[in-house]
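Enquirer: this one's sequence-less:
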């Protein structure tokens, strides 16, 4: 849809007080700006397609605007890093490291990430990374020591400690709610 601007003729003109019959300017409809980028960017940048295998078939329902994902492979973490706009890569989930850092670490070290995606019609459309699983050998006394070891080894830029930490002797998973 386009908007036509038709100014009034000045008083005293041959058609004074009437609208001109031809448009003077045709303007495209503005693209509504979302909080994290232009509307539709999650699909347009390719992130929605990259995440489909990790979301499940329920995402095929166009009425759904929110879906969690988990265990995104290191290869797909690298793909997402290249697809997402900088504003999303610089985003944080509740004190977590920046999404871009978590994607880089998962890609570089064979880890995995999780999070959620929000799509239109919501104005807060985005991809958020709220968990990471990274290789880390060790048996830790508690979640705080496991987080400290991961933070130090991978130089995490977390603002807060994670809400959850689990480990299996070879990997540590961190997540922020």
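Expert: Good, I have the coordinates. No experiment lies behind these values; they were computed from the predicted model shown. Numbering: from 1, shown residues only.

Enquirer: What's the local residue count around residue 52?
Expert: By other C-beta atoms under 10 Å, 15 other residues sit near residue 52. Where you see a C-beta, it was placed from the backbone N, CA and C, and this is true even at glycine.

Enquirer: what do you get for the one 5 residues further on?
Expert: Residue 57 has 7 neighbouring residues, counting by other C-beta under 10 Å.

Enquirer: Let the chain start at 18 from now.
Expert: Done: numbering now begins at 18, and the last item shifts to residue 74.

Enquirer: Quick one: classify the residue nearest the centre of the chain as helix, strand or coil.
Expert: Closest residue to the average C-alpha location of the chain: residue 144 at 2.1 Å, with C-alpha atoms, centre = their mean. Recorded secondary structure, residue 144: strand (DSSP: H, G, I helix; E, B strand; the rest coil).

Enquirer: Residue 66 versus that one, what's the distance?
Expert: Counting by C-beta to C-beta, to the nearest Å, the gap from residue 144 to residue 66 is 12 Å.

Enquirer: The residue nearest to the centre of the chain and residue 102 touch, don't they?
Expert: No: Residue 144 lies out of contact with residue 102 (C-beta atoms under 8 Å); the separation is 9.7 Å.

Enquirer: Going by residue numbers, what spans are helices in the protein?
Expert: Here the chain has its helices, by DSSP state H, at 58-61, 64-72, 91-100, 103-106, 116-126, 160-171.

Enquirer: Identify the residues contacting the third one?
Expert: It refers to helix 91-100. 62-64, 67-68, 71, 89, 106, 117, 119-121, 123-130, 144 (C-beta atoms under 8 Å, 6 or more residues apart in numbering).

Enquirer: Now do it against helix 64-72: the angle between them, please.
Expert: 150 degrees (axes from the mean of the first three to the mean of the last three C-alpha atoms, to 10 degrees).

Enquirer: buried ones in helix 91-100?
Expert: 91, 93, 94, 96, 97, 98, 100 (16 or more other C-beta atoms under 10 Å).

Enquirer: Same question for the last one.
Expert: Neighbour counts over helix 160-171 (16+ other C-beta under 10 Å) mark 160, 163, 164, 166, 167, 168, 171 as buried.
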